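> sequence and predicted structure, then a few things I'm wondering about:
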Amino acid sequence: MAKTANINIRIDPETKAWAEQLFASFGITITDAINIFLRQSLMVGGLPFEMKQPRFNAVTETAMREARDIASGKVSAKSYASARELFEDLDSEC
């Protein structure tokens, strides 16, 4: 039986860099961390942590829905030519 097998994964470079930094603080590599994850998964017979949908308060959920609507073009958003124009508009609302 082979002593090693390869797994290729794709991950964004920023996440990889942060993970490398985190695991280095424990004195292990990403490969070590993946091996620990896989062995722990086998020991518990599933993911070694609880998976949940994130829960947000009503204000945050409303803001996220508004952001999605703006991004999809369902709702138009104000735009400003400069930060000064933005702040003047904000001051006028008070």
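Perfect, I can see it now. A quick note: this is a predicted structure, and the numbers were derived from the prediction, not measured.
> Leu22 versus the residue nearest the centre of the chain, what's the distance?
By CA atoms, centre = their mean, the chain has its centre lying nearest to Thr15, at 8.7 Å. Between Thr15 and Leu22 the computed distance is 10 Å (CB to CB, to the nearest Å). Just so you know, the C-beta spots here come from the backbone N, C-alpha and C atoms, and that holds for glycine as well.
> which SS class is Ala19?
Per DSSP: H, G, I helix; E, B strand; the rest coil, the local secondary structure of Ala19 is helix.
> related to what we said a few turns ago, what about the residue nearest to the centre of the chain, helix or strand, and which?
Following DSSP states H and E, one finds Thr15 within helix 13-25.
> quick one: contacts of that helix?
Here helix 13-25 makes contact (CB atoms under 8 Å, 6 or more residues apart in numbering) with 11, 29-30, 32-33.
> if we use 10 Å, what do you get?
Residues outside helix 13-25 that contact it (CB atoms under 10 Å, 6 or more residues apart in numbering) are 9-12, 28-34, 36.
> restricted to helices, list those.
30-34, 36 (DSSP state H).
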